[in-house]
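Novice: A structural model of the following input is requested.
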Amino acid sequence: MTVLDVFSKTTMVVSALNLFVSIPIYIFVIVTIAVNKKKYPFNSPFFTIFIALGIMDIACFVDYLGAKTPFWGFFPSLFQPYEAPSMLAKVNNFFIWFT
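Specialist: Numbers count the residues shown, from 1 in each chain. Presented below is the predicted three-dimensional model:
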């Protein structure tokens, strides 16, 4: 087993843990704040920004999974051929790194 295999498996395990534990908790917190948005203290600008950033965090994680799962062998890749990035791959990388 090479270092790259260990890194790939570690990334897969951490991503699965994030997907099945952290994301549901994060969604629960965002929904709870959104439901109580009219009540004090959830009506402050801090919680409005928190909700917006939470939605963007989840969107970026889903986008990350869409880019990584083909490399792990779960889904066919939309980004082939690998040596010549398509426009979809360029937009995906822009969204992941610059949002």
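Novice: Ranking helices and strands of this protein by mean pLDDT, which lands last?
Specialist: helix 87-98 (a mean of 76; mean pLDDT, DSSP states H and E).
Novice: List the buried residues for the biggest helix by length in the chain?
Specialist: With DSSP state H setting the assignment, residue counts place helix 45-72 as the longest helix in the chain. Across helix 45-72, burial judged by 16 or more other CB atoms under 10 Å covers 47, 50-51, 54, 61, 63, 65-67. Heads up, the C-betas are built off the backbone N, CA and C, glycines and all.
Novice: Out of these, flag the one nearest to S22.
Specialist: Nearest to S22, judged by CB to CB, of the buried residues of helix 45-72 is F61 at 8.9 Å.
Novice: where does I30 land in three-state SS?
Specialist: With DSSP: H, G, I helix; E, B strand; the rest coil as the basis, I30 sits in helix.
Novice: In contact with it: list those residues for me.
Specialist: Each residue near I30 by CB atoms under 8 Å, 6 or more residues apart in numbering is listed here: 50-51, 54-55.
Novice: I'd like those residues as TSV, with distance to F7 and pLDDT appended.
Specialist: What follows is the contacts of I30, written out as TSV (distance: CB to CB, whole Å; pLDDT from 0 to 100):
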residue	distance to F7	pLDDT
F50	32	95
I51	34	95
G54	28	94
I55	30	94
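Novice: Please convert the residues you listed to CSV, extending it with distance to K90.
Specialist: Listed next are those as CSV, based on distance: CB to CB, whole Å:
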residue, distance to K90
F50, 30
I51, 29
G54, 26
I55, 23
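Novice: and which of the residues you listed is nearest F28?
Specialist: For the contacts of I30, the nearest to F28 is G54 (10.7 Å; CB to CB).
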